[in-house]
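Enquirer: the following comprises the amino acid sequence and a computationally predicted model.
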Amino acid sequence: MSTHKRQKTGYYPGCALEGTAHSYNRSTKALGKKLGLDLVEVKNWNCCGAMEVKNIDPKLQSYLSSRVLSIAANDMGLETVMAPCNGCYHNLKKAEYDIANDPATVETVEKLSNKAGHKAYSAEQVETIHALDWIKREIGEDGIRERLNNSLAGLKIANYYGCMYTRPRHIFPEKDQGGDSESTFKPHYMDGLLAAAGAEIVDYPLKTACCGGAHSLADSDISTKLVLNLLDAAEACGADVIATECPTCHSGLEMHQIRAETVFQRKTKPVIVYFTQLLGLALGIKPKQLGIHENISDSLPLLKERGLA
Amino acid sequence: MTDFDAIEARIERLGAAPAELLAVGEEILEHWLEARGEIPGREAREGFRLLALHRQAARGEPSFNACRETCRELVYRYNLIALDPEHPETARRIKLAAMAAKHLCLFVGGKMTEARIGEFCCASRDARGAAE
């Protein structure tokens, strides 16, 4: 078992994990605790700018994300910030890229930081990582195998990463570097970790396809059709479970799975579970501690049937 | 029935014709390009017109890259099938390729339907009407 001294990792849950994705927040913290990983929540964090701000003023979004990074670096002395939400992860990475490459963004960030009374964030003060990077780097597949308490054997999983984990490629310079780096075309970190936990990973063709999240309010039928296709494809691959790592994708899949039943009379079988919940179960954490009961998608009957809950 | 509904229905009916799936993908992107007043290119990228069309379609429209990997997946599935048509998994591979094509159809069709609602996946103009 690895004994290297681990650094504290800054934890930026973002707004979704305090709301609809409470179970992702709960399971991420429980998993970190079980694995002995030190997570320190970024103090007084704010919204990353999400889509709402970015669509109106991308530089203001960069400032909002940079404030989170500035607190982590300048007030807390952290070198790494982990964001489990794909939207937050994307926005923090985008802010990092823009601050490193766009003088106009730097100007806006400095101006607004001064006005807000905090030190402006400078490029490369902090590294932003996703929850998948965090587990992959700190524990890895071997570490999961060594700690396995309740194998996921017999569980067929389609891993769904969503479109923002890898897009746009230029803000993720560490990806597509060959070897063990993450791929933007066919991401594999979740596949590797859950396979190490004993699960059978199916060859899922829509790993990074759009979940229709942004269509949800304007045209729910489009979102429902997109989600239905994701669910149909998982079923066609023989998956019992769709594992997620994004709160927007997760809640979209859950809600539109139900909506597909009522609007299109289409019932689909796969249950939707966060990868942190699945890893937690494999490591012997109780379902309640992982917030399995808080998911809308009811995975408990399946997990009980497979001896996992 | 709209063009995209018709394409979706055609995808459902497609059998063991992976080249047709690629052609359907190209047709979907042609609709998007024509609705934006562009002439769809004839060139290929990495050996596939579909990938060149996607690149053209995403020019000036970064949110369109949300379907880039779906296009690449379609090409990947096509290669799997074309390189070994007798493989015992071929029928399943065709089914999965069809699902990637259907997703592309739903995504682009949806994007064209939505009008001016943001920079992310929905940054489309009200172009679907113009295409039909």
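Expert: The structure has been received and is ready for your questions. Small disclaimer: the values here were computed from a predicted structure and weren't measured.
Enquirer: now the strands for the stretch 1-150 of chain A?
Expert: Using DSSP state E, counting those that start in this stretch, the strands found in the stretch 1-150 of chain A span residues A:9-11, A:39-41, A:80-83, A:127-130.
Enquirer: against B:His103, how distant is the residue of chain A found nearest chain B?
Expert: Residue nearest to chain B within chain A (CB to the nearest CB): A:Ile222, separated by 3.6 Å. C-beta coordinates here come from the backbone N, C-alpha and C atoms, glycine included. According to CB to CB, to the nearest Å, A:Ile222 and B:His103 sit 12 Å apart.
Enquirer: helix or strand: which one has the residue of chain A closest to chain B?
Expert: According to DSSP states H and E, A:Ile222 maps onto helix A:220-236.
Enquirer: for that helix, which positions count as buried?
Expert: The neighbour-count check on helix A:220-236 (16 or more other CB atoms under 10 Å in any protein chain shown) flags A:222-234, A:236 as buried.
Enquirer: what's it in contact with?
Expert: For helix A:220-236, contacts defined as CB atoms under 8 Å, 6 or more residues apart in numbering or on different chains pick out A:158, A:160, A:202, A:204-206, A:209-213, A:215-216, A:242, A:252-253, A:256-257, A:259-260, A:263-264, A:266, A:268-270, B:92, B:95-96, B:99, B:102-103, B:106-107, B:109-110, B:113-114.
Enquirer: list the contacts of whichever helix or strand comes after that helix.
Expert: Sequence-wise, the next helix or strand downstream of helix A:220-236 (DSSP H and E) is strand A:241-244. Applying CB under 8 Å, 6+ apart, the external contacts of strand A:241-244 come out as A:155-160, A:162, A:190, A:194, A:230-231, A:234, A:250, A:253, A:270-275, A:278, A:299, A:302.
Enquirer: and the helix or strand following strand A:241-244, what other elements does it pack with?
Expert: Going down the chain from strand A:241-244, the next helix or strand is helix A:247-263, by DSSP H and E. Helix A:247-263 makes packing contacts with helix A:14-17, helix A:86-101, helix A:220-236, strand A:241-244, strand A:271-274 when contacts are defined by 3 or more CB pairs under 8 Å, 6 or more residues apart in numbering or on different chains; DSSP states H and E.
Enquirer: export the ones you listed to a markdown table and tack on distance to A:Ile129 and mean pLDDT?
Expert: Output for the helices and strands packed on helix A:247-263, formatted as a markdown table (distance: least, CB to CB, whole Å; pLDDT from 0 to 100):
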| stretch | distance to A:Ile129 | mean pLDDT |
| --- | --- | --- |
| helix A:14-17 | 14 | 95 |
| helix A:86-101 | 8 | 96 |
| helix A:220-236 | 26 | 93 |
| strand A:241-244 | 18 | 98 |
| strand A:271-274 | 17 | 98 |
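Enquirer: pLDDT of stretch A:246-263, averaged?
Expert: Per-residue pLDDT values over stretch A:246-263 give a mean of 95.
Enquirer: mind listing what's buried in it?
Expert: Those would be A:246-257, A:259-260, for stretch A:246-263 by 16+ other CB under 10 Å.
Enquirer: which bits of chain A sit near chain B?
Expert: By the rule CB under 8 Å from any CB of the partner chain, the part of chain A lying against chain B is A:51, A:54-55, A:58, A:163, A:166-168, A:184-185, A:203, A:205-210, A:212-215, A:218-219, A:222, A:225-226, A:229-230, A:232-233, A:236-237.
Enquirer: tell me where chain B has helices.
Expert: Under the criterion DSSP state H, helices of chain B are mapped to B:3-13, B:18-35, B:49-58, B:68-83, B:90-113, B:128-131.
Enquirer: the first one vs helix A:220-236, what angle?
Expert: The one in question is helix B:3-13. Interaxial angle of helix B:3-13 relative to helix A:220-236 (axes from the mean of the first three to the mean of the last three CA atoms, to 10 degrees): 10 degrees.
Enquirer: just the closest residue of chain B to chain A, please.
Expert: Closest residue of chain B to chain A, CB to the nearest CB: B:Gly110 (3.6 Å).
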